[in-house]
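Participant: Okay, predicted coordinates and the sequence, questions at the end:
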Amino acid sequence: MMDDTRLDDAALDVLVSETVRVDAPEGFAIRVGAALDSRESLARPRAWLRPAFAVAALLLAALWWWRQPVPVKPEGLRETRAVAPVAPRAPYAPRAPYAPPAPYAPVYVRIDHERALDALDDLPAVQQAGIDPAAIGTRTIDVQPADAITPLTMDTDRPDPGGEGDH
Amino acid sequence: MTDGELVERARRGDRAAFDAIVERYQHVVFRTALAVTSNREEAEDAAQETFLRAFGHIGTFRGDSSLKTWLLAIAWREGISKRRSLVNRLRRMVSTPEDEAFDPPAAGRTEEARVVDAEHALTVRRLVARLPQSYREALMLAAAGDYTFDEMSAALGVPVGTLKWRVSEARRQLREKLRALGYQG
C-alpha cells in the first residue's frame, strides 16, 4: 500500500490490483449449490412438459383444420364481383385564400383657385331661336272698366279688442 | 484432483465434483464478472449464472481450452448480459457503485495508515470506473492476476497485442488523472 502521495509504476500496479482483487462474498459457493439444487428439483417434474406441449399443439392444429369454413363456390364469387364498390369521392380541394386587394395609389388633384378665368369670348354662346307670333294661338279677352277707388280710412279712436299688444 | 478429473466426474452427474469446481473458481469468476459490470450485486448474479450455465453445459466442454478459460468466457458473456439489462441500467442511474466501502487489510498496519489506504483505494476505484469501458475491463482483468494475456485473448477473442495496449493505455490515463489530483510520480 502507499503511505504517501508518491506514485510510481509499481505502486500504481499494487494499488490497482488491491482495489480490483475482490473475493466473492462468503457463502457464495453454498448459494450456487442451493441454486443448482433448486433448478434440478424444478427440472425433474417438468420433464413431461415437452411431450405434453407437443401433443397439445397437434390437437390444436387438428381442431383448427376441422373448423375451417367450406370453400366458396365460383358463382358466388362472380355475384360478389358484380356489385362494384362505390368509388371513393375525391376530396375537396382546399379553397385558395383570397388575395389581398392591391393598395390604391393616392390621387392628388391640384386646383389653382387663383387662376385667371377664361375669356368670355371663349364661352359657347346660346342664341335664342326666334318665335313666330302667328304660330301662337291667341283669343280676345274683354276687360271691364274698374270701379272708382275709394280711399281707405282708419278709425284710430276705437279701443283695442284683444291684448295683442304692440309689436 | 485436477480440473480434468472434476469435469469428467461432473459430466457423469457427480454434484460433489461440480461443487468442488465452484469452490475452486468462485473468486476468479466473481472478479471477472466484476470487471465487466463494475457492480457487486450484478457481479454476484452474473457469477451465479455462470456456474449454473456451466453445470448445464458441462457435457459440451471439449477440453480444447482450460476449464478456467471456459469459465472466463461464460462469465464475460453473463456479465455483459447483466450490464445491458434494463433493470440494472436503471439501478446504476440511482447509485454510485464506485463509492462502495473498501476495507483494506489490517495486518501490521496502524489505524491511520488504513484510513489513508482506504482513501487512496477509493480514489483509484473512482478513477478506474471512469476509464473507457474497454480499457477498464482489460485493466481489471489483468490487475486481478487470475489470467495470463494468452488466456484472456483465447476467452475474449481479442488479440494479445490489443489487450496489452488497452492495459497500458488504461494505466497511462489512470496515472495522469492521479497526478492531476496531486499524486507525484
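Facilitator: Thanks, I have it. On a predicted model such as this, the values are computed, not experimentally measured, just so you know.

Participant: CA only for contacts and neighbour counts going forward, please
Facilitator: Will do.

Participant: Would you mind giving both backbone torsions of residue A:86?
Facilitator: When read as degrees, to the nearest 10, the backbone of residue A:86 gives phi -70, psi 130.

Participant: what's the burial count for it?
Facilitator: Residue neighbour count, defined by other Cα atoms under 10 Å in any protein chain shown, stands at 6 for residue A:86.

Participant: Let me know the pLDDT of it.
Facilitator: Looking at residue A:86, its pLDDT stands at 85.

Participant: dump the residue contacts of it.
Facilitator: Residues near residue A:86 by Cα atoms under 8 Å, 6 or more residues apart in numbering or on different chains: none.

Participant: Then residue B:64 would be within a helix, right?
Facilitator: No: using DSSP: H, G, I helix; E, B strand; the rest coil, the secondary structure at residue B:64 is coil, not a helix.

Participant: Contact residues of chain B facing chain A?
Facilitator: Within chain B, the positions near chain A by Cα under 8 Å from any Cα of the partner chain are B:19, B:22-23, B:26-28, B:30-31, B:44, B:48, B:51-52, B:102, B:113, B:116-117, B:120-121, B:124-125, B:140, B:143-145, B:175, B:182-185.

Participant: Now intersect the residues you listed with the strands, please.
Facilitator: If you go by DSSP state E, those have nothing in strands.

Participant: ChimeraX command to pick out the buried ones of the residues you listed?
Facilitator: To isolate the buried ones among the residues of chain B next to chain A in ChimeraX, judged by 16 or more other Cα atoms under 10 Å in any protein chain shown, type:
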select /B:19,22,23,26,27,28,30,31,44,48,51,52,102,113,116,117,120,121,124,125,140,143,144,175
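
Participant: which helix of chain B spans the most residues?
Facilitator: Under DSSP state H, the helix in chain B containing the largest number of residues is helix B:15-37.

Participant: ok, residues contacting that helix?
Facilitator: With contact meaning Cα under 8 Å, 6+ apart, helix B:15-37 is reached by A:20-24, A:28-29, A:32-33, B:3, B:6-7, B:9-10, B:40, B:42-44, B:46-47, B:50-51, B:55, B:68, B:71-72, B:75-76, B:78-80, B:82-83, B:136-137, B:140-141, B:144, B:146.

Participant: Stretch A:60-73 - what's its average pLDDT?
Facilitator: What stretch A:60-73 shows for mean pLDDT is 82.

Participant: Run the chain-centre distance for it.
Facilitator: Counting by Cα atoms, centre = their mean, to the nearest Å, stretch A:60-73 is centred 53 Å from the centre of its parent chain.

Participant: measure residue B:69 to residue B:25 for me?
Facilitator: Residue B:69 is 11 Å from residue B:25, where distance means Cα to Cα, to the nearest Å.

Participant: Show me the common contact partners of the two, please.
Facilitator: The overlap between the contact sets of residue B:69 and residue B:25 (Cα under 8 Å, 6+ apart) is empty.

Participant: neighbour-wise, which of the two wins?
Facilitator: residue B:69 (20 against 17).

Participant: Checking the more buried one next. Helix, strand or coil?
Facilitator: Counting by three-state DSSP, the backbone at residue B:69 sits in helix.

Participant: Tell me if I'm right that it and residue B:154 touch.
Facilitator: Yes: proximity of residue B:69 to residue B:154 meets the contact threshold set by Cα atoms under 8 Å, at 7.4 Å.

Participant: Could I get the average pLDDT for stretch A:134-146?
Facilitator: Average pLDDT, stretch A:134-146: 79.

Participant: I misspoke; the intended subject was stretch B:5-12.
Facilitator: For stretch B:5-12, the per-residue pLDDT averages 87.

Participant: can you pull the buried residues of that stretch?
Facilitator: Neighbour-count burial for stretch B:5-12, with 16+ other Cα under 10 Å as criterion, is recorded at B:6-8, B:10-11.

Participant: what comes into contact with it?
Facilitator: For stretch B:5-12, the external contacting residues (Cα under 8 Å, 6+ apart) are B:16-18, B:20-21, B:55, B:58-59.

Participant: could you measure residue B:19 against residue A:140, distance?
Facilitator: Taking Cα to Cα, one finds residue B:19 at 164 Å from residue A:140.

Participant: same question, residue B:138
Facilitator: Distance from residue B:138 to residue A:140, by Cα to Cα: 149 Å.

Participant: ok, so of the buried residues of stretch B:5-12, who is nearest chain A?
Facilitator: Distance to chain A, by Cα to the nearest Cα, is smallest for residue B:10 among these, at 12.8 Å.
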